[in-house]
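1. sequence and predicted structure, then a few things I'm wondering about:
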Amino acid sequence: MTQGQEPVERLIELLARLPGLGPRSARRAALHLMRKRDLLLAPLAEAMAEVARTVKPCLECGNLSTGDRCRICSDPKRDATLICVVQDVADLWAMERASAYRGRYHVLGGLLNALDGTGPDELGLPRLAERVRDGVAEVILALPATIDGQTTAHYVADILPDGVSATSLAQGVPVGGELDFLDDGTIGAALRARRRL
């Protein structure tokens, strides 16, 4: 390694830790950033420094925010009687992209998993139970259709106080999906969740 390459190697090493990027992709990305130093590298470095300095979890729901409460929790037009429980912020963003939900959220930051040592306290489930006591009528469990996701959903449903409804997202054939391309589990879930036309 020649002198002066250490920062570039460090950049490649850090980029390679990102999901979806391996060492080769990280190397290509780093070289592209270096070629577009003024257009990409400097603004990216500034944006990352600002995010590191200002963005933190919302104290109420766990979404990302620059203040103590995120824009969703601060919005008086959101339905405070609905809480949608999601695994992580990416799931919250997906729900918001659909523009079909106008309630509030609770971001777990993971799923219950005894092997990993992830229990109710690590996921903030006691905090969720407290939030639900304040006039919430329904908790929508928008968790993955995995064993850990279903275990977490059942746990959350069990800790809800009487009178609070627990629902889950429907599972099955996606809009525009073709049966030939679906796995057996998805087809089975779609059959169980069928409804009258």
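-> The structure has been received and is ready for your questions.
2. residue ranges with poor pLDDT in the protein?
-> Counting by pLDDT under 70, the ranges of the chain that qualify are 1-5, 197.
3. quick check: the residue most central in space within it vs D183, distance?
-> Residue closest to the average C-alpha location in the chain (C-alpha atoms, centre = their mean): D88, at 2.4 Å. Counting by C-beta to C-beta, to the nearest Å, the gap from D88 to D183 is 23 Å. The way it works is simple: take the backbone N, C-alpha and C, and place the C-beta from them, glycine included.
4. likewise for L112?
-> 24 Å.
5. which one of these two has more residues nearby?
-> Comparing L112 with D183 by other C-beta atoms under 10 Å, the one with more neighbours is L112, at 23 against 8.
6. what values do phi and psi take at the more buried one?
-> According to degrees, to the nearest 10, the main-chain angles of L112 amount to phi -60, psi 130.
7. count of neighbours near P120?
-> With other C-beta under 10 Å as criterion, P120 counts 16.
8. now swap in L160 and tell me
-> Residues lying near L160 (other C-beta under 10 Å) number 17.
9. so it makes contact with I140?
-> No: at 11.7 Å, L160 does not count as touching I140 under the criterion of C-beta atoms under 8 Å.
10. what segments of the chain are strands?
-> For the chain, the strands defined by DSSP state E cover 56-57, 64-65, 79-86, 103-107, 138-142, 165-168.
11. what residues does the longest one touch?
-> Outside strand 79-86, the residues that touch it by C-beta atoms under 8 Å, 6 or more residues apart in numbering are 92, 95, 101-108, 128, 131-132, 134-143, 153, 156.
12. weed out the non-buried ones from those residues.
-> Among these, those classed as buried by neighbour count (16 or more other C-beta atoms under 10 Å) are 92, 95, 101, 103-108, 128, 131-132, 136, 138-143, 153, 156.
13. tell me how far the closest residue to G149 other than its chain neighbours lies from L128.
-> In this structure, G149 finds its nearest non-sequential neighbour in L143, 4.1 Å apart by C-beta to C-beta, 6 or more residues apart in numbering. With distances taken as C-beta to C-beta, L143 is found 12 Å from L128.
14. cool, Q171 as well?
-> According to C-beta to C-beta, Q171 stands 22 Å off from L128.
15. then G62?
-> For G62, the distance to L128 equals 10 Å [C-beta to C-beta].
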